[in-house]
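[1] the sequence and its predicted three-dimensional model are supplied below.
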Amino acid sequence: MSKNTKVNAAILIIGNEILSGRTQDTNTSTIAIWLNSIGVKVNEVRVIPDDEKKIIVTLNLLRKENNYVFTTGGIGPTHDDITAQSVSKAFGIKYELHEEAFKILEAYYQPGEFNEGRQRMVWMPENAELILNPTSGAPGFSVENVFCLPGVPSIMKSMLGGLKNKIVGGEPILSHTISLRTVESEIANSLTKVQNQNKDVEIGSYPFFHAGKLGVSIVLRSEKQSEIDNCNSQILEFIKEKKIEIVDR
């Protein structure tokens, strides 16, 4: 894949605890920031329950539409951890004990601690490639363009570094933020004009509430710094005309 190719990914968050609101999802942000830094744009994020049929259907759709798919959740030792089995069925391959993963966990645990529940974590799709886990021993795995990571944020984050050589990205996606003391309606028309003149820059506007006052952050994203700079100067021009205050956040 050449550096000029647009490379995209989808993130699939699996877990009833996310949908119930009991657990807050921070993995999306962690994965998206990391992917952007290596030139992979996140096209889509989905959150689905621990439901085999749902996982299979969603995964098969996302892996066809994106260069990469990252899943989090459902690869632990309990009965509702069904991601590995569902991935096997999505690809139509055998679900079996992964010998290398077994050796890793057998060495990780004290004698007698590697019980039946923990042994569930070494069952994976046939010929899956391991994603090593420097935090808690139990590896994740990948099959073709699908990368399956644990749901625990600190563990998941520690495993991303080991994937860098397996992901081929494009140019890193750069960003620049301008925070203003204004409301979106006041800048909407001017911002639309700037966007129309800068098709290679993605412009987002995000309201915020800070120190008791409303404001809007404009975020410019592109692979080229020159495009961002050009866009930035056009925005600063209309800000000056409208006498809008720029604020530090």
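    Everything's here; your move.
[2] can you pull the contacts of the nearest residue to G74 once chain neighbours are set aside?
    Excluding its sequence neighbours, the residue lying closest to G74 (C-beta to C-beta, 6 or more residues apart in numbering) is T83, at 3.3 Å. All C-beta spots, glycine's among them, are computed from the backbone N, C-alpha and C. By C-beta atoms under 8 Å, 6 or more residues apart in numbering, the contact list for T83 reads 14, 50, 55, 71, 73-75, 148.
[3] what residues of the helix ranked longest in the chain count as buried?
    Secondary structure of the chain per DSSP state H: the longest helix is helix 225-242. By neighbour count on 16 or more other C-beta atoms under 10 Å, the buried set for helix 225-242 is 227-228, 230-232, 234-235, 239.
[4] now swap in stretch 72-81 and tell me
    Applying a neighbour-count criterion of 16+ other C-beta under 10 Å, one finds 72-76, 81 buried in stretch 72-81.
[5] pLDDT and secondary structure added to those, as JSON lines?
    Below are the buried residues of stretch 72-81 laid out as JSON lines (pLDDT from 0 to 100; DSSP: H, G, I helix; E, B strand; the rest coil):
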{"residue": "T72", "pLDDT": "97", "secondary structure": "strand"}
{"residue": "G73", "pLDDT": "96", "secondary structure": "coil"}
{"residue": "G74", "pLDDT": "94", "secondary structure": "coil"}
{"residue": "I75", "pLDDT": "95", "secondary structure": "coil"}
{"residue": "G76", "pLDDT": "91", "secondary structure": "coil"}
{"residue": "D81", "pLDDT": "94", "secondary structure": "coil"}
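[6] may I see those residues organised as a markdown table, with distance to N165 added?
    Below are these laid out as a markdown table (distance: C-beta to C-beta, whole Å):
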| residue | distance to N165 |
| --- | --- |
| T72 | 20 |
| G73 | 24 |
| G74 | 25 |
| I75 | 21 |
| G76 | 26 |
| D81 | 27 |
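[7] and the gap between the closest residue in space to G140 that isn't next to it in sequence and I55?
    Leaving aside its sequence neighbours, G140 sits nearest to I131 (C-beta to C-beta, 6+ apart; 3.7 Å). The gap separating I131 from I55 is 18 Å, by C-beta to C-beta, to the nearest Å.
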